[in-house]
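Visitor: here's my sequence, what's the structure:
(one chain, ligands or ions: 1)
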Amino acid sequence: MFDATSHFILLHSLPSNKSFSFLGLPPPCAHPHVRAPPPLPSPSYLITMARKRIILSIRSLPLLIVFLHFVASSNASDAENLIKFKGSLQNAAALSNWDISKPPCMGSHENWQGVLCDKGKVWGLKLENMGLGGVIDVDTLAKLPDLRTISVMNNNFEGSLPSISRIGVLKTVYLSNNKFSGEIPIGTFDGMTNLKKIYLANNNLSGSIPASMAALPKLMELMLENNEFSGAIPDFPPNRLKLFNASNNKLDGEIPNSLTNFSASSFDGNENLCGGPIKPCTPNTNTQNSSSKDKLPVLTIILVTVLVVVAIAALVIVVIILRRRKKTTHQPAATMATAPPGQPKTASRDLDRMEQGQSGVVSSSAVAAEKKPEQNVKLTFLKEANNNNFDMPDLLKASAEVLGSGVFGSTYKAALNDGRVMVVKRFKHMNNVNREEFSEHMRRLGRLNHENVVSIVAYYYRKEEKLFVADFVENGSLAVHLHGNRSRGLPSPNWPTRLNIIKGVAKGLQYLYNELPSLTAPHGHLKSSNVLLDISFKPLLIDYGLVPVVNQEHAQDHMISYKSPEYKHNRRITKKTDVWSLGMLILEILTGRFPSNFLQQGSGGDDDTDLATWAESVLCDGGDKTEVFDGDMEGTSHCYGEMMKLLKIGLVCCHVDADKRPDIKEVVDKVEEVKEKDIDDDFYSSYTSETDMRSSRGLSDDFKSINI
Ligand SMILES: Nc1ncnc2c1ncn2[C@@H]1O[C@H](COP(=O)(O)OP(=O)(O)OP(=O)(O)O)[C@@H](O)[C@H]1O
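Guide: Numbering: from 1, shown residues only. So this is what the prediction gives:
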């Protein structure tokens, strides 16, 4: 027996020059003028050596078997560790399908609720909104070698923060919206050299922000809002953090220079914090901040008090005189933009509270204009409409609900007194576009009118505050219907509904391409949470046309277009980038899998596995191809042929080479040809042949060859 292993061992165990001679090649560094080539080894020498190696390889066979067994059983041990981890949780009913007899991961297929898989390995845990409590057993999780992300957001975990540095390889940790409390030990994040995102918002954590956080070399997102953190904010390396929020804590001192580019809302609600975008630090603030050890001399205090009293008195007299004069000259007309005294401040605080997610429904504002209310609180309406009989003060008074916080800011639902329900989106990460450019862009967006595009009704511009107002769409986002309903046990959209949604989205996107020809990516941020559904499940696009007005650095980190292969590889987006996003969305709708799970996983390195690659691998691996489709999608019998056609359109749209993707018109035409039911029963089997499948993304260049 002379197997590959023994062959390998034989070659590598021979004296270096001999091994090359054995292959009939000259030794790598031999130089004829320096040294003559060594003589060929005698046949008896070679036979002896070969024998020795064979014996060695037979001896090492048990080791090899143990090694292979270890590799084969690594999945089982992931399963055991997960079951052990589950054992320390309370209220783990949502994890009832964690079943040791079934591996958590089969390739990229996930068998266990909340367990994210890649190539048969557990790379993430997404245990959100499950009412979980108890202990997070980090020591057991540390035994999962491929674990890179953990989210237990929106649960009931309490007590001190788990020692996550035991899982040193983590890239993202989401612990927001729990009841974690107490101080974070100094070294909690020590050695976590790959950690990029830490979400701790809405807990009861106290003490200082640990310096080990500021020392993390790759940290990009840090959310600490609505806790009890105190003391000074440590200095983070400049330009590293892309998202930061420490509002509503008890922090004090001066905001470090490295964080001054974040807006005031990242720091609001910390009374003794100063500098950067909030109130300037005065010697007085500094005195307060340094625990007021050295007190001001009594005389100075008295002098300052007297001066302040005199100044206030003078101000009151001036105001009274001015009011009297006004009254005698003319009676002022009440403008919609004039807020009642005190209203802006309260409203502003309400808004910030809403933003921190402290309460779902509050009597709120959409914006507060603290400086020049007369000029600043007027909305600019984009369309002439009879029912635009409201303005900013009405939004300020309306009861509002936080719909969510996205990458550009927060979105609120505001119910007006006349029954109309509006949505206000407050943008945080805009670029420095001036009023004229912004207004011009808004007028362009305001002219849009299509049944699959949500119209922007009005906008508000101030240098540091930008708002969009739109009508509320009742039925929530496609993302919730595809992914959220599942965990709540609600029905998922069936095949005909999903097909109609894709048709509507494609038409809406084509409309944007036609109407906004000057934009490279007319949508730019197409994903399932930016597709809303009305009551009849008609899709409507939102968050389109933003690329020209948003902060580019932020966009590059968060917008869907910037996750495309062309941006990853060539740092550019093209006219076909939105087609890629549409392709991804088609695959998400058909497979029920969330593309961002794949993107997040690939973002840290060279791993290019995305949803399209995964779908292709299922189609090509010779197994049951229908497994690619979402198992929760009903109404699929006699439809697999048509579903396959649509899947293939999605795959072609995701072609890695942007030039080989179809243009939007071709996509719309092809999608329109897909029917709810298979026309020909035999069609499916011929359609799903191996060759045909392999041609979908890379191997066939001609989109027109799609056999519809
Ligand atoms: N006009 C609207 N009617 C109803 N719901 C809306 C409307 N606009 C936005 N939403 C919903 O509000 C929520 C928050 O939206 P937002 O755009 O702030 O975040 P996102 O879509 O989750 O992320 P991103 O900022 O990346 O777009 C989402 O669930 C979105 O579907």
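Visitor: for stretch 92-103, list every residue counted as buried.
Guide: For stretch 92-103, the neighbour count (16 or more other CB atoms under 10 Å) marks 92, 94, 95, 98, 103 as buried. C-beta: built from backbone N, CA, C; applies to glycine.
Visitor: just the closest of those to the ligand, please.
Guide: Nearest to the ligand among the buried residues of stretch 92-103, counting by CB to the nearest ligand atom, is residue 94 at 21.6 Å.
Visitor: surely residue 238 meets residue 258?
Guide: Yes: the pair residue 238 / residue 258 is scored as a contact, 4.6 Å apart, by CB atoms under 8 Å.
Visitor: need the contact list for the residue in the chain that the ligand sits nearest to.
Guide: Closest to the ligand within the chain is residue 406: 1.9 Å, counting by CB to the nearest ligand atom. Going by CB atoms under 8 Å, 6 or more residues apart in numbering, residue 406 touches 529, 543.
Visitor: buried residues in stretch 439-451?
Guide: 439, 441, 442, 444, 445, 446, 448, 450.
Visitor: what's the average pLDDT for it?
Guide: Averaged over stretch 439-451, pLDDT sits at 94.
Visitor: let's see it as CSV, backbone CA atoms only.
Guide: The C-alpha trace of stretch 439-451 is given here as CSV (Å, rounded to 0.1, in the frame of the first residue of the first chain):
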residue,chain,number,x,y,z
SER,A,439,-34.1,71.7,-1.2
GLU,A,440,-33.4,71.1,-4.9
HIS,A,441,-32.9,67.4,-4.2
MET,A,442,-36.0,67.2,-2.1
ARG,A,443,-38.0,68.9,-4.9
ARG,A,444,-36.8,66.1,-7.2
LEU,A,445,-37.8,63.4,-4.8
GLY,A,446,-41.1,65.2,-4.1
ARG,A,447,-42.1,65.1,-7.8
LEU,A,448,-42.0,61.3,-7.7
ASN,A,449,-45.4,59.6,-8.0
HIS,A,450,-45.7,55.9,-8.4
GLU,A,451,-47.9,53.2,-6.8
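Visitor: picking up where we left off before, relative to residue 566, how far out is the residue of the chain closest to the ligand?
Guide: 24 Å (CB to CB, to the nearest Å).
Visitor: over to residue 244?
Guide: In terms of CB to CB, residue 244 sits 29 Å off from residue 566.
Visitor: ditto for residue 227
Guide: Residue 227 is 40 Å from residue 566, by CB to CB.
Visitor: not counting sequence-adjacent ones, nearest residue to residue 152?
Guide: residue 127 (5.1 Å; CB to CB, 6 or more residues apart in numbering).
Visitor: number of nearby residues for that neighbour?
Guide: The number of residues packed near residue 127 is 23, by other CB atoms under 10 Å.
Visitor: who touches it in this structure?
Guide: 94, 95, 114, 151, 152, 155.
Visitor: between residue 227 and residue 566, which one's more packed in?
Guide: Shown here are residue 227 and residue 566; by other CB under 10 Å, residue 227 has more neighbours (26 against 20).
Visitor: nearest to residue 630, of the buried residues of stretch 92-103?
Guide: residue 94 (19.4 Å; CB to CB).
Visitor: got the phi/psi numbers for that closest one?
Guide: Main-chain dihedrals, residue 94, degrees, to the nearest 10: phi -60, psi -10.
Visitor: how about residue 539?
Guide: phi -80, psi 150.
Visitor: point out the residues in the stretch 1-150 of the chain that sit beside the ligand.
Guide: The stretch 1-150 of the chain comes close to the ligand at no residue, as judged by CB under 6 Å from any ligand atom.
Visitor: ok so, going back, residue 238 and residue 258: which is more packed in?
Guide: Taking neighbours as other CB under 10 Å, residue 238 and residue 258 compare with residue 258 leading, 19 against 11.
Visitor: looking at this, that one is in a helix?
Guide: Yes: according to DSSP: H, G, I helix; E, B strand; the rest coil, the state of residue 258 is that of a helix.
Visitor: surely it meets residue 244?
Guide: No: contact between residue 258 and residue 244 fails when scored by CB under 8 Å: they sit 9.6 Å apart.
Visitor: which residues are common contacts for these two?
Guide: Counting by CB under 8 Å, 6+ apart, nothing touches both residue 258 and residue 244.
Visitor: kindly report the residues of the chain close to the ligand.
Guide: By the rule CB under 6 Å from any ligand atom, the part of the chain lying against the ligand is 403-404, 406-408, 411, 423, 454, 470, 472-473, 477, 525, 529-530, 532, 542-543.
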